[in-house]
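**Student:** pasting a predicted model and its sequence here:
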Amino acid sequence: MDNSDEKQIERRVFASFFQAGFIEAFTGIFLLQLGLPALFSRSGFGDLESALLALPIALILLVVVFIIRRLVVIPRLGHVKFLPERRRRLSKLVLVPILTLIAGAVVGYIFSENASLRYTFVGQIPFSLIPIIVFSAAAYFLDMKRLYVYGVIVGLTFPLGKYLETIIVSRNALPAIILFTAFVFLGMAIVFLVASLRKYQEPEV
Amino acid sequence: MKEPPNQRKRQTAESLLEIMNIDRLVHSPARLSILTYLSVVEEGDAVYLLNQTGLTWGNLSANVTRLQEAGYIEVVKEFKDKKPHTVLKLTDRGRHAFYEYQNTMKGLLNTKSLSSASGGE
């Protein structure tokens, strides 16, 4: 066994702690948080009201996810303290929300300068780039290749929604496609969670 | 080009001697598995090892005790949320024994493949 074998084992062990669908659940909640306000604002609510209406739903789901992880999944997987190299890499994950904030601020600035851009197909490109950048950063720091794919899927929902709005002439196509993607991710999270619970039974001491 | 038979015999004898010197405590599949999974983390609990190695509680416990007695792993028993919690950690001695075992096996396998390539037994 050489060093590369050990790295592979370490990567497999680390990945096994993220196989219960939490990344998919967070992605789904993130998309819900984008899709619900868009739907509410198209139903006549103001931007702030829409965001405030969607917030409790996301918070409740996040609490449920954390409770499931703490009380159901971790007792089955066991507790592990990873090597310092892995912990250093994980600590850099803090850059992900910082990147999100910076990218969001840049997009906000662009739209404040040119509000009509928000309703165009080209205007959706920054919305696509943000998830691609954020998910790529998370994929790099977590060392998980599937997050690159998730980034592309989430990124594509915005131009696809806008495109559907133009061809089927429906105001709700964009939130509908975002919510559809959110439910796909939440569904994946449930499937992964069930598979993980079946694979790792609660140990009998 | 083929090696002379005497040289091949000497190599085989050296390999056999090396095999005799292998740390048998590490050589057992169950213990090797425990040491491998502890070598890739700083510390892990019994449930982690149980999941990764696929051993039963009894088998894990027996092998952990042997490794602990040899000073290869450190076992800390504590309470977490009012439940017993066993944390295991590879000691420096255990890490050294594990890497030495790896190098010996790698050397042996290389010798074996070299002798096979040169037409030896």
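**Tutor:** Arrived safely, thanks for sending.
**Student:** taking the centroid of chain A, which residue is nearest it?
**Tutor:** residue A:27 (2.1 Å; CA atoms, centre = their mean).
**Student:** for residue B:10, grab the count of nearby residues.
**Tutor:** A count of nearby residues for residue B:10, using other CB atoms under 10 Å in any protein chain shown, gives 12. C-beta: built from backbone N, CA, C; applies to glycine.
**Student:** secondary structure class for residue B:22?
**Tutor:** Under the three-state scheme (DSSP: H, G, I helix; E, B strand; the rest coil), residue B:22 adopts coil.
**Student:** how many other residues sit next to it?
**Tutor:** Look at residue B:22: counted by other CB under 10 Å, it has 14 neighbours.
**Student:** and the pLDDT for it?
**Tutor:** At residue B:22, the pLDDT value in this model is 84.
**Student:** quick check: residue A:203 touching residue A:76?
**Tutor:** Yes - judged on CB atoms under 8 Å, residue A:203 makes contact with residue A:76 at a distance of 7.4 Å.
**Student:** between these two, which contacts overlap?
**Tutor:** Residues within reach of residue A:203 and of residue A:76 at once, by CB atoms under 8 Å, 6 or more residues apart in numbering or on different chains, are residue B:47.
**Student:** please tell me how far the closest residue to residue A:36 other than its chain neighbours sits from residue A:111.
**Tutor:** Leaving aside its sequence neighbours, residue A:36 sits nearest to residue A:54 (CB to CB, 6 or more residues apart in numbering or on different chains; 3.7 Å). The gap separating residue A:54 from residue A:111 is 19 Å, by CB to CB, to the nearest Å.
**Student:** before we move on, what SS does residue A:85 have?
**Tutor:** Using three-state DSSP, the structure places residue A:85 in helix.
**Student:** what's the neighbour count on it?
**Tutor:** By the measure other CB under 10 Å, the count of residues near residue A:85 is 10.
**Student:** roughly how far apart are it and residue A:98?
**Tutor:** 22 Å.
**Student:** tell me which element residue 31 falls in.
**Tutor:** You didn't say which chain, so I picked chain A. Using DSSP states H and E, residue A:31 sits in helix A:22-42.
**Student:** wrong chain, I was asking about chain B
**Tutor:** Per DSSP H and E: helix B:29-39 holds residue B:31.
**Student:** which positions in that helix come out as buried?
**Tutor:** B:30, B:31, B:32, B:33, B:34, B:35, B:36, B:37, B:38, B:39 (16 or more other CB atoms under 10 Å in any protein chain shown).
**Student:** ditto for stretch B:17-24
**Tutor:** Neighbour-count burial for stretch B:17-24, with 16+ other CB under 10 Å as criterion, is recorded at residue B:23.
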